[in-house]
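Peer 1: sequence and predicted structure below; questions after.
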Amino acid sequence: MFSYCTDPATLDGLTWLSCYLTTGKHMGIYWAVGTVLLLLAITAPLALVFGFGGAAAARSHVTPLRWFGKTYIAIVRGVPDIAFFLFFVIALDQGIEYLRHLIKCPDWPDEVWQGSDFVVCQAAKMPLGNAPQWVHETYGFFIAVFTFALVFGAFAANVLYGAMTAVPRGQLETAEAYGMSNRQTFWRVLVPQMWVYALPGLSNLWMVLIKATPLLFLLGVQDIVYWARELGGTKTPQFTDYPHSDWRMWYFLALLVFYLCFTKVSEIVLDRIMARLTKGQATAAGERQRKATA
């Protein structure tokens, strides 16, 4: 990046470090930080949508819908995250390719499942073999986003289901006495009040989601854990023009600081949201605010 970085052999001290930290390979870890933040920005609201849908289905009066909601919560919560991530990503990828295979290659003479191998025509591959690298990376990223949202949506559904149950029954009965329909009671009374009870659980879930982002490494996405391992290890000149000893401890220490700072900022923001939601509410937090201002 800098003009004096043309010959690494002539550099030392801070000059060497400034060139080392701005190489093309090092830009990978900076981009990976953006990848993690983008994952969280997309996954959190999507997981909340899945969670809200799962919670609403679990308390539905329609029996098949109620079974579906409770089964979704139970299955995803009952399977270890790593096992579900590895299974679901492969299953989803093969499912997409299989549907494309049926559409694009209807005259394919061979079986798709040949023993333990899954073989589809080249036109059904996702993405195509000749697609640019960024297409492969984008596809893998959004498969990962969907998987994260599905897994954490089940946990969010359990939290929201409990929050809906925690809203005093008298509130709902009062709404019914005023002639509100079930839908009006749900959206105008139950949903606005449930967030007070749901936010502590959702806050913990957000923290768990932040700490789970290194699972991207298992899904083939080059995240900050991947780059910390690659850049911190002892590499040959084919990987970098700035060879060094084993610095993985320092790279992982930097990741530790990054995640601690991120979670601390999250705690501050979530505390402010909680204070705003509980203001004037008949909850323990609302009562503490009332006494503080009395």
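Peer 2: The structure has been received and is ready for your questions.
Peer 1: what is the neighbour count of residue 141?
Peer 2: The tally of other residues near residue 141 (other C-beta atoms under 10 Å) stands at 20. Where you see a C-beta, it was placed from the backbone N, CA and C, and this is true even at glycine.
Peer 1: my bad, should have said residue 30
Peer 2: If you count neighbours by other C-beta under 10 Å, residue 30 ends up with 13.
Peer 1: for this structure, which spans come out with low pLDDT?
Peer 2: Applying pLDDT under 70 to the chain picks out residues 1-4, 6-11, 129, 235-240, 279-294.
Peer 1: can you show me the strands along it?
Peer 2: 113-114, 117-118 (DSSP state E).
Peer 1: how about the helices of this structure, start to end?
Peer 2: All helices of the chain, identified by DSSP state H, fall at 13-20, 24-58, 63-78, 81-104, 133-166, 169-177, 182-185, 191-212, 224-232, 248-278, 284-293.
Peer 1: which one of those helices lies closest to residue 120?
Peer 2: helix 81-104 (4.1 Å; C-beta to C-beta).
Peer 1: hmm, who's touching the closest one?
Peer 2: Helix 81-104 has contacts (C-beta atoms under 8 Å, 6 or more residues apart in numbering) with 76, 108, 112, 118, 120-121, 123-126, 143-144, 146-147, 150-151, 212, 215, 218-219.
Peer 1: coming back round to it: for the strands of the chain, which one sits closest to residue 241?
Peer 2: Residue 241 sits nearest to strand 117-118 of all the strands of the chain, at 41.1 Å, using C-beta to C-beta.
Peer 1: chain center to that closest one: distance?
Peer 2: Put simply, strand 117-118 sits 29 Å off its chain's centre (C-alpha atoms, centre = their mean, to the nearest Å).
Peer 1: before we move on, what about stretch 205-214?
Peer 2: Worked out by C-alpha atoms, centre = their mean, stretch 205-214 lies 7 Å from the chain centre.
Peer 1: repeat that for stretch 84-95.
Peer 2: In terms of C-alpha atoms, centre = their mean, the centre of stretch 84-95 is set 16 Å apart from its chain centre.
Peer 1: what's the answer for stretch 49-63, then?
Peer 2: Here the centre of stretch 49-63 is set off from its chain's centre by 21 Å, with C-alpha atoms, centre = their mean.
Peer 1: and it, what's buried?
Peer 2: Buried positions in stretch 49-63, judged by neighbour count with 16 or more other C-beta atoms under 10 Å: 50-59.
Peer 1: please apply the same query to stretch 118-136.
Peer 2: For stretch 118-136, burial by neighbour count (16+ other C-beta under 10 Å) applies to 120, 124-126.
Peer 1: end-to-end on it?
Peer 2: Taking C-alpha to C-alpha, to the nearest Å, stretch 118-136 runs 19 Å from one end to the other.
Peer 1: show me what it is in contact with.
Peer 2: 93-94, 96-98, 100-101, 103-105, 108, 110, 112-113, 139.
Peer 1: out of the residues you listed, which end up buried?
Peer 2: Of the contacts of stretch 118-136, these count as buried by 16+ other C-beta under 10 Å: 94, 97, 100-101, 105, 112.
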